[in-house]
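**Q** I'd like to go over a predicted model; first the sequence, then the structure.
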Number of protein chains: 2
Amino acid sequence: MELDEYFDDFLRRDWQESESGNVRFAMIGLGWWTRDYAIPATKQSALCETTAVVSSTTEKAEDFASDFDSIEAAMTYDEFKDGAHTDAYDAVYVGTPNSLHLEYVEAAAEHGKDVLCEKPMEAGVERSEQVVEAATDITLMIAYRMQTDPAVQRIRDLVADGFIGEPTHVHGHMSQPLLEMIPDPDQWRLDPEYAGAGASITDLGVYPINTARFVLDREPVAVQSAMYAGSEGFEDVPDERAAATIVYEDDVLASISASQNSYKSGFLRITGTEGEIELEPAFLKPSGLRLSRDGLDTTYDLPELNQARQMQEEFDYFSDCLLSDRSPLPDGEHGLVDMNVIEAAVESAETGERVEL
Amino acid sequence: MELDEYFDDFLRRDWQESESGNVRFAMIGLGWWTRDYAIPATKQSALCETTAVVSSTTEKAEDFASDFDSIEAAMTYDEFKDGAHTDAYDAVYVGTPNSLHLEYVEAAAEHGKDVLCEKPMEAGVERSEQVVEAATDITLMIAYRMQTDPAVQRIRDLVADGFIGEPTHVHGHMSQPLLEMIPDPDQWRLDPEYAGAGASITDLGVYPINTARFVLDREPVAVQSAMYAGSEGFEDVPDERAAATIVYEDDVLASISASQNSYKSGFLRITGTEGEIELEPAFLKPSGLRLSRDGLDTTYDLPELNQARQMQEEFDYFSDCLLSDRSPLPDGEHGLVDMNVIEAAVESAETGERVEL
């Protein structure tokens, strides 16, 4: 395939099987992410819509619902668990803090509803295993937004087609100044009870860790890491910043880092025996893609998808899987691997020892 | 200082004290690097010149000398050690394979000659310590070309002046397809007897490891690493490719990688609490420098210095130090730190354990 052919029809969806459909979503957890990105994503979609919302109080849920025409049902968390309005939705989006995922996946499964669950899938490996178990009879997808991002999909294709030869190294990084963005020291992302062990590696590091898996099409086999936390607000977490060397299958060596107390930045670089691919920025709004091999060194300025548009790709992919009755790629077992990597990274930073997965 | 002021007079030498001088060099080891880069560097210089060459046979040395007007003395390695032509040169450049550095530093020191010694400074920590000991009464500089590279010097200034706030992360990588560049499986870089332990981390990794030290102005305190070797030609070394997490002072986490069997590439990125600096390509011909903070995201296309021109900066800095009777920054003790990092990285890859330095 010629290089330009990868990019000519940039927004093409190699995965799409259904032209239309109407998967009706209940949204659980009505924070800014759900309001600004998740619901607008379903609004733009030809395959799904938001028909129900779930929050802490009836008032909050109804207030929220009144802003969106498509929403028929507004209910509390308890009402959701008790099976209220199950006729009003087909699937559930779980956008709560990590450690609340399990109970909503369990409830959704009881009602026979499929689940799109935010990443990381829960707080820790043990609870994530319970999520997988709870979802035995439903379709569960972990919301790795990057896997349906067109730029990341093109990179995966290029790697699979040998553009860089055999992959040898990955460098990936994601950081942000969390306490400037959300100036609340008591927020759940800095509370291990809600977030699980690790703040930076868990919430941000999971992006390069999982995206590397996806573009390499190789699983992680060993982790070493170093972490630091010393600034105000980071007293309860091990990793105000983290860096890990992750060995993927075929001995691809990945240098992954993340920080919740650093300049906003993100990049992904895959080096091989014959070439190199770099995406920057990556993860939030992937836009600049540099491809290099032999005498070639070219940069594609990609259409910048905002996060709602990225979320639409994700919701549409999940909906398409449901409509055509197939399993999404990032299922619960897939998500569990990242949870193991994260827990191994926290352990390795403590003990100083490499952890085999 | 305004940002542009760092770059307006890009080739300025903040370190220079002598306007002119004539440090006369004896070149030891007459490979392509010496011929194409080291001697041309001294030819362009106003502070030094090449007046003597040392090789395996009289014939080879004389042949080589006949190509350069300034060379007065040509001698064998044994003649050099025995003190031949000591009137013809003031200082010595050691550009031999790593494990031969010690004997020439010892001989130069016996003759009272100062030494500019290629990096890494020897094969292993123990022999490097002997180099430091041998050089007690002379001036010894390790040839870290990056430290006198104008782009790297500007980055160091920017970091010191707080452009990125507090540094938090470094990503650095250097790779090349060694056996395509020099198609000889018996070359010294792949022979631990000559190169010391490690092929990629030792010969290439030393660039990002040392450049990170220099721009951060912080010393390494702990190392973890993973290495792989499996391809033809890499049977005798642990690291066809290597990746290390190096913790520098103030818990700056550096993700460093290197490969002798990968696409030619090199970059250096320093992230801080307030901004980010990226140099790419780095190490061989630093040229693209991206600076980012607040609303600022700007790229400087720097004058590309070829390696002879880079080497001139290095020879001139060393000569200037000799002419003004001061010690160069990257002295033997400085070089020893990198040797410890390299040996620790090899050890960590074997044992899987973090090595404190």
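**A** That came through, no problem. Residues are numbered from 1 along each chain as shown, chains lettered A, B, ... in the order given.

**Q** name the SS class of the nearest residue to residue A:148 once chain neighbours are set aside, please.
**A** Closest residue to residue A:148 apart from its sequence neighbours, by Cβ to Cβ, 6 or more residues apart in numbering or on different chains: residue A:313 at 4.0 Å. Backbone N, C-alpha and C define where each C-beta goes, glycine included. Under DSSP: H, G, I helix; E, B strand; the rest coil, residue A:313 falls in the helix class.

**Q** leaving out the residues flanking it, which one is nearest to the residue in the stretch 1-150 of chain A positioned nearest to chain B?
**A** Across the stretch 1-150 of chain A, no residue is closer to chain B than residue A:3, which sits at 16.2 Å (Cβ to the nearest Cβ). Closest residue to residue A:3 apart from its sequence neighbours, by Cβ to Cβ, 6+ apart: residue A:291 at 7.0 Å.

**Q** what's around residue A:316, how many residues?
**A** Counted with other Cβ atoms under 10 Å in any protein chain shown, the neighbours of residue A:316 add up to 25.

**Q** for the strand or helix carrying it, C-alpha coordinates in CSV please.
**A** Using DSSP states H and E, residue A:316 sits in helix A:307-323. Provided in CSV are the C-alpha atoms of helix A:307-323 (Å, rounded to 0.1, in the frame of the first residue of the first chain):
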residue,chain,number,x,y,z
GLN,A,307,-12.6,14.6,22.6
ALA,A,308,-16.3,14.4,21.8
ARG,A,309,-15.5,13.3,18.3
GLN,A,310,-13.0,10.8,19.6
MET,A,311,-15.6,9.6,22.0
GLN,A,312,-18.0,9.2,19.1
GLU,A,313,-15.6,6.8,17.4
GLU,A,314,-15.5,4.8,20.6
PHE,A,315,-19.3,4.8,21.2
ASP,A,316,-19.9,3.9,17.6
TYR,A,317,-17.4,1.1,17.6
PHE,A,318,-19.0,-0.4,20.8
SER,A,319,-22.5,0.1,19.3
ASP,A,320,-21.4,-1.5,16.0
CYS,A,321,-20.1,-4.5,17.9
LEU,A,322,-23.5,-4.8,19.8
LEU,A,323,-25.5,-4.3,16.6
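
**Q** what's near enough to touch the residue of the stretch 1-150 of chain A closest to chain B?
**A** A:291, A:296, A:298 (Cβ atoms under 8 Å, 6 or more residues apart in numbering or on different chains).

**Q** max-length helix in chain A?
**A** Assignment by DSSP state H gives helix A:332-351 as the longest helix of chain A.

**Q** check the offset of it from the chain's centre.
**A** Averaging C-alpha positions (Cα atoms, centre = their mean, to the nearest Å) puts helix A:332-351 15 Å from its chain's average.

**Q** buried ones in it?
**A** A:332, A:334-346, A:348-349 (16 or more other Cβ atoms under 10 Å in any protein chain shown).

**Q** can you check stretch A:84-96 too?
**A** Neighbour-count burial for stretch A:84-96 [16+ other Cβ under 10 Å]: A:84, A:85, A:86, A:89, A:90, A:91, A:92, A:93, A:94, A:95, A:96.

**Q** not counting sequence-adjacent ones, nearest residue to the first one?
**A** Meaning residue A:84. Nearest one to residue A:84, counting by Cβ to Cβ, 6+ apart, is residue A:75 at 4.9 Å.

**Q** state the helix or strand in which the one you found lies.
**A** strand A:73-76.

**Q** related to what we said a few turns ago, hang on, the residue nearest to residue A:84 packs against residue A:85?
**A** Yes. Between residue A:75 and residue A:85 there is a contact under Cβ atoms under 8 Å: 5.8 Å.

**Q** what do the two both touch?
**A** Residues touching both residue A:75 and residue A:85 (Cβ under 8 Å, 6+ apart): residue A:52.

**Q** thinking residue A:177 is in contact with residue A:241, fair?
**A** No. Between residue A:177 and residue A:241 there is no contact under Cβ under 8 Å: 11.6 Å.

**Q** what sits in contact with each of those two?
**A** Common neighbours of residue A:177 and residue A:241, using Cβ under 8 Å, 6+ apart, are A:260, A:261, A:262.

**Q** and the residue nearest to residue A:148, how far from residue B:214?
**A** 43 Å (Cβ to Cβ, to the nearest Å).

**Q** and what of residue A:160?
**A** For residue A:160 relative to residue B:214 (Cβ to Cβ), the value is 39 Å.

**Q** ok, the two, which is more surrounded?
**A** The residue with more neighbours, out of residue A:160 and residue B:214 and counting by other Cβ under 10 Å, is residue B:214; that gives 21 against 11.

**Q** before we move on, back to that, what about the residue nearest to residue A:148, how many neighbours?
**A** Around residue A:313 sit 22 other residues, with neighbours defined as other Cβ under 10 Å.

**Q** give me the pLDDT for it.
**A** Model confidence at residue A:313, given as pLDDT, is 96.

**Q** over to residue A:1?
**A** 68.

**Q** give me the contacts around stretch A:176-190.
**A** With Cβ under 8 Å, 6+ apart, stretch A:176-190 has contacts from A:97-98, A:194-195, A:199, A:203-204, A:232-234, A:236-237, A:259-265, B:273.

**Q** picking up where we left off before, for residue A:177 and residue A:241, indicate the residue with more neighbours.
**A** Neighbour comparison, residue A:177 and residue A:241: the larger count goes to residue A:241, with 30 against 16 (by other Cβ under 10 Å).
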